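> Structure for this input, please:
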Amino acid sequence: MTGSMFVYDPVAPCLTEPQHVRPALDSIAGKTIGFIDNSKPNFNHLADDLAELLIAKHGVKEVIMRRKRSASEGAPEAVMAELVERCDAIITGSGD
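From the prediction side, this is the model:
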């Protein structure tokens, strides 16, 4: 199933055209999951723990972690391109 949705990113210009959306995953077993660490305190600890659980309990094949320079900046285009190319799902989050 293909679809479109509007995506609003508070650090990027407003996207006025619908963007391509990947189909929802039926399962994360055997998939590659990416994490974007937003550089807030403790997010790296949460992401490390989640990565272990995803692999051990849910059969995730690989976890890729990338860190932004600061919480107020978007991830560099090269990082986003790599994660989009290599990952089946990407998680970004906050810490503190």
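
> How about stretch 52-62, which residues are buried there?
54, 60 (16 or more other Cβ atoms under 10 Å). Every residue, glycine included, has its C-beta placed from N, CA and C.

> for stretch 82-96, same thing?
For stretch 82-96, burial by neighbour count (16+ other Cβ under 10 Å) applies to 83, 87-91.

> next helix or strand past the worst-scoring helix or strand of the chain on mean pLDDT?
Taking mean pLDDT, DSSP states H and E as the measure, the helix or strand of the chain with the lowest value is strand 19-21, at a mean of 68. Downstream of strand 19-21, the first helix or strand assigned by DSSP states H and E is strand 32-37.

> what pairs with that next one, and is each one parallel or antiparallel?
strand 62-67 (parallel), strand 89-92 (parallel) (DSSP bridges).

> What is the helix or strand that comes right after that strand packed up against?
Later in the chain than strand 32-37, the nearest helix or strand by DSSP H and E is helix 43-58. Judged by 3 or more Cβ pairs under 8 Å, 6 or more residues apart in numbering; DSSP states H and E, the packing partners of helix 43-58 are strand 32-37, strand 62-67.

> To Leu25, which of the ones you listed lies closest?
Checking those against Leu25 by Cβ to Cβ gives strand 32-37 as the closest, at 9.7 Å.

> TSV for the helices and strands packed on helix 43-58, including distance to Ile55 and mean pLDDT?
Below are the helices and strands packed on helix 43-58 laid out as TSV (distance: least, Cβ to Cβ, whole Å; pLDDT from 0 to 100):
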stretch	distance to Ile55	mean pLDDT
strand 32-37	9	95
strand 62-67	7	96
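
> Same list, the ones you listed, but as a markdown table with distance to Glu73 please.
Converted to a markdown table, the helices and strands packed on helix 43-58 look like this (distance: least, Cβ to Cβ, whole Å):
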| stretch | distance to Glu73 |
| --- | --- |
| strand 32-37 | 11 |
| strand 62-67 | 11 |
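
> if you compare those strands, which one is most tucked away?
strand 32-37 (a mean of 21; mean count of other Cβ atoms under 10 Å).
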